[in-house]
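Enquirer: my questions concern the predicted model and sequence given below.
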Amino acid sequence: MSSLLELADLVSQWSIPGIILIVIVTAAFRRVPMYESFVTGAKEGFGIAIMIIPYLVAILMVIAVFRASGALEDTKAVLAVGLRWAGLEQHVQELELIPLALVRPLSGSGARGVMLDLFQHHGPDSFIGYAASVMQGSTETTFYILTVYFGSVGIKRIRHTLHACLLADVMGVIAAFVFASLLFRAV
């Protein structure tokens, strides 16, 4: 188990620098004007960030209302009773991940806000923090992606795509919990 954690730590430390190095070497090989391309992308990114602020505020407001109304606590209480009844008392604390699992298909920025809130309450080095991080990386902003991609090519009927995407999100949440349990439960 220790060697697996050491390997995961090594890969996580070198993944992003390695990807950046590959991009730089590939761009240099293809003679792409790297600095100009970077500045152009940064301008576009800033514009997109400004554009999504209203959506982020709306999602965070809905989550705050959901929490303030007590609906989230009621949902967690019902699920906690179910877990206790099933003999899974030790997993009641993981119900804190429910808001992240619910928000992630709607908004990446909103999900990031929920994840940061989990970090603030439980710490980034807690099991909840690890599981939230893995969940953030193993699920997708399904509704945003469907809206943008299908809307850009004029598709009106999505048929089974939404069901498949939501199933993939559920499997991503389950996989995140399983992998976080395998890698970080002993930490």
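Expert: That came through fine. Residues are numbered from 1 along each chain as shown.

Enquirer: can you give me the strands for this protein?
Expert: Counting by DSSP state E, the chain has no strands to list.

Enquirer: check the residue nearest the centre of it and give its pLDDT.
Expert: For the chain, Gln136 is the residue whose C-alpha lies nearest the centre (CA atoms, centre = their mean; 1.8 Å). Gln136 is assigned a predicted lDDT (pLDDT) of 91.

Enquirer: go on, the one 5 residues further on?
Expert: According to the prediction, Thr141 has pLDDT 87.

Enquirer: quick check: the gap between the nearest residue to it once chain neighbours are set aside and Gln13.
Expert: Closest residue to Thr141 apart from its sequence neighbours, by CB to CB, 6 or more residues apart in numbering: Gly108 at 4.5 Å. (Glycine included, C-beta is placed from N, CA and C.) From Gly108 over to Gln13 the distance is 24 Å, taken as CB to CB, to the nearest Å.

Enquirer: can you check Val170 too?
Expert: To Gln13, Val170 is 31 Å away according to CB to CB.

Enquirer: the more surrounded of the two?
Expert: Remark: of Val170 and Gln13, Val170 carries more neighbours, 13 against 10, as counted by other CB atoms under 10 Å.

Enquirer: before we move on, back to that, isn't the residue nearest to the centre of the chain up against Leu100?
Expert: Yes: taking contacts as CB atoms under 8 Å, Gln136 lies within contact range of Leu100: 7.2 Å.

Enquirer: who touches both of the two?
Expert: Ala111, Met115 (CB atoms under 8 Å, 6 or more residues apart in numbering).

Enquirer: any weak-confidence spans in this structure?
Expert: For the chain, the stretches with pLDDT under 70 are 1-2, 52, 55-56, 59-60, 63, 152, 185-187.

Enquirer: so where's the longest helix in it?
Expert: Taking DSSP state H as the criterion, the chain has its longest helix at helix 34-68.

Enquirer: helices or strands next to that helix in the packing?
Expert: helix 2-29, helix 98-103, helix 108-122 (3 or more CB pairs under 8 Å, 6 or more residues apart in numbering; DSSP states H and E).

Enquirer: run the chain-centre distance for the longest one.
Expert: The gap between the average C-alpha position of helix 2-29 and the chain average comes to 20 Å, counting by CA atoms, centre = their mean, to the nearest Å.

Enquirer: cool, and stretch 27-44?
Expert: Computed by CA atoms, centre = their mean, the chain-centroid distance of stretch 27-44 equals 28 Å.
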